[in-house]
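**Q** okay, sequence plus prediction incoming.
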Amino acid sequence: MQHGLGVDCCNAKSPTDEHLQMSALLPIREVEKPWGKDKLPAPFSAAEGMRIGEIWFEPPAALPELLVKYIFTSEALSVQVHPTDAQTIAKGLGRQGKEECWLIVAAEPGGKLGIGFNADISDEAMRAAALDGSIEELMTWHDVSPGDFFYIPGNTVHAIGAGVSLIEVQQNSDITYRLYDYGRPRELHLEDGVAVAKGEPYRLERWSKHVPAHGSQLLVDGPLFVLEQVAGAPTAEIASRYPAALLVIPREGEVQIGGETIAPGGCGLAGSLADIRFADNGVCLLARPCARIV
């Protein structure tokens with residue numbers, strides 16, 4: 001999925017050392033949320049009395065640019081927006097904005113994602129709709145099912161509805177501007193949010209696709225990161241996109257990285273693609289950041 005101004009940065013080397021030898025199962029962080037779930041899809045489970053909303057895989061020092069999460073919702077999340085790299089740098093908030101993508105792994109009947117607006121909307125109308133709650137009605141809500149994939153560029157107004165479980169791969173940034181939060185007692189960020197939000201429809205034909213359960217498919221091809229689903233061992237074409245360190249997220253079957261087993265529900269760091277043993281009938285996601293252009 002190509003995006004941006006046509007700069008093909010993803011054929012460049014990763015910012016990490018291409019001979020990196022380390023590999024590891026990334027530490028897991030379970031995050032309780034009031035909108036989380038007490039019954040999680042396999043292979044996960046929640047301890048009694050816990051409502052798990054997110055499972056994070058701690059970004060390794062070797063690849064700090066990306067964060068991988070699972071998200072589980074029993075209620076709708078806030079309507080929010082994230083800035084781009086350029087906007088983040090301009091405000092002195094860091095070097096990375098937050099672009100992200102979602103792969104649906106489970107959805108209850110009626111599970112939806114809100115992305116973009118039904119029609120163009122002005123900043124003033126967006127601010128007013130956020131204040132009176134009507135912004136939810138102005139957004140486009142997409143029914144989802146397992147295998148649906150959505151890329152969320154910076155400046156895109158979005159929300160995850162109730163009854164959805166997904167894998168999120170994102171730039172490792174926590175900059176989120178909440179526009180509307182269903183009356184929950186959390187801070188909103190209307191001025192900052194409206195300043196970066198695009199009041200326009202989401203380009204579904206460009207940013208979304210359906211991913212087969214068993215098949216290889218390139219999902220994101222820069223300019224910020226590369227992500228694809230791989231069935232079995234990667235082809236030479238797939239391997240050419242991963243010249244250095246990468247993250248591996250098994251979906252079906254285990255992978256071996258430097259003698260460690262990474263099972264579904266985990267995420268591993270490999271120093272190179274050659275360090276990974278793929279299951280013949282397995283399915284996994286591969287991810288890496290693109291080389292940063294300074």
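**A** Looks like it came in fine. Residues are numbered from 1 along each chain as shown.
**Q** if I look at residue 49, how far off is residue 32?
**A** Applying Cβ to Cβ, to the nearest Å, the value for residue 49 to residue 32 is 10 Å. C-beta coordinates here come from the backbone N, C-alpha and C atoms, glycine included.
**Q** should've said residue 252
**A** Separation of residue 252 from residue 32 (Cβ to Cβ): 28 Å.
**Q** over to residue 141?
**A** 26 Å.
**Q** give me the more crowded residue out of residue 49 and residue 32.
**A** Neighbours of residue 49 and residue 32, each counted by other Cβ atoms under 10 Å, are more numerous for residue 32; the result is 13 against 7.
**Q** was I right to think that one contacts residue 51?
**A** Yes. Using Cβ atoms under 8 Å, residue 32 is in contact with residue 51, at 5.8 Å.
**Q** ok, residue 236 - how many residues close by?
**A** Around residue 236 sit 6 other residues, with neighbours defined as other Cβ under 10 Å.
**Q** so it versus residue 140, what's the distance?
**A** Taken as Cβ to Cβ, the span from residue 236 to residue 140 is 39 Å.
**Q** do the same with residue 85
**A** Separation of residue 85 from residue 140 (Cβ to Cβ): 26 Å.
**Q** more neighbours, these two?
**A** residue 85 (20 against 16).
**Q** tell me who's in contact with that one.
**A** 95-97, 154, 171, 224 (Cβ atoms under 8 Å, 6 or more residues apart in numbering).
**Q** one more time with 6 Å
**A** By Cβ atoms under 6 Å, 6 or more residues apart in numbering, the contact set of residue 85 is 96-97.
**Q** swap in the one 3 residues further on?
**A** With Cβ under 6 Å, 6+ apart as the criterion, the residues that contact residue 88 are 94, 97.
**Q** quick one: low-confidence parts of the stretch 1-150 of the chain?
**A** Residue ranges of the stretch 1-150 of the chain with pLDDT under 70: 1-23.
**Q** now name the helix or strand holding residue 87.
**A** helix 85-90 (DSSP states H and E).
**Q** pull the CA atoms of the helix or strand following that helix into PDB?
**A** Counting by DSSP H and E, the next helix or strand C-terminal to helix 85-90 is strand 100-107. Taking Å, rounded to 0.1, in the frame of the first residue of the first chain, the C-alpha atoms of strand 100-107 are listed here in PDB:
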ATOM      1  CA  GLU A 100      -1.200   3.100  12.300                       C
ATOM      2  CA  CYS A 101      -3.000   0.200  10.700                       C
ATOM      3  CA  TRP A 102      -5.500  -2.300  11.900                       C
ATOM      4  CA  LEU A 103      -6.100  -6.000  11.000                       C
ATOM      5  CA  ILE A 104      -9.400  -7.400  12.300                       C
ATOM      6  CA  VAL A 105      -9.000 -10.700  14.000                       C
ATOM      7  CA  ALA A 106     -12.500 -11.100  15.500                       C
ATOM      8  CA  ALA A 107     -15.700  -9.000  15.400                       C
END
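**Q** pull the residues that contact the lengthiest strand in the chain.
**A** As assigned by DSSP state E, the longest strand anywhere in the chain is strand 28-37. Residues from elsewhere that reach strand 28-37 (Cβ under 6 Å, 6+ apart): 50-56, 72-75.
**Q** off-centre distance for that strand?
**A** Averaging C-alpha coordinates over strand 28-37 and over its chain gives two centres that are 16 Å apart (Cα atoms, centre = their mean, to the nearest Å).
**Q** ok, stretch 55-72 next?
**A** 10 Å.
**Q** start and end of it, how far apart?
**A** Using Cα to Cα, to the nearest Å, one end of stretch 55-72 lies 9 Å from the other.
**Q** that one: which residues count as buried?
**A** Judged by neighbour count (16 or more other Cβ atoms under 10 Å), stretch 55-72 contains these buried residues: 55-57, 59-60, 62-63, 65-72.
**Q** of the residues you listed, closest to residue 182?
**A** Nearest to residue 182 out of the buried residues of stretch 55-72 is residue 71 (Cβ to Cβ; 16.8 Å).
**Q** quickly run through the sheet partners of the longest strand of the chain, with directions.
**A** strand 52-57 (antiparallel) (DSSP bridges).
**Q** got the contact list for the strand it pairs with?
**A** In contact with strand 52-57 (Cβ under 6 Å, 6+ apart) are residues 26, 29-31, 33, 35-36, 46, 68-71, 267.
**Q** let me have these in CSV, adding distance to residue 134 as columns.
**A** What follows is these, written out as CSV (distance: Cβ to Cβ, whole Å):
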residue, distance to residue 134
26, 41
29, 36
30, 35
31, 30
33, 25
35, 21
36, 27
46, 34
68, 34
69, 30
70, 31
71, 25
267, 39
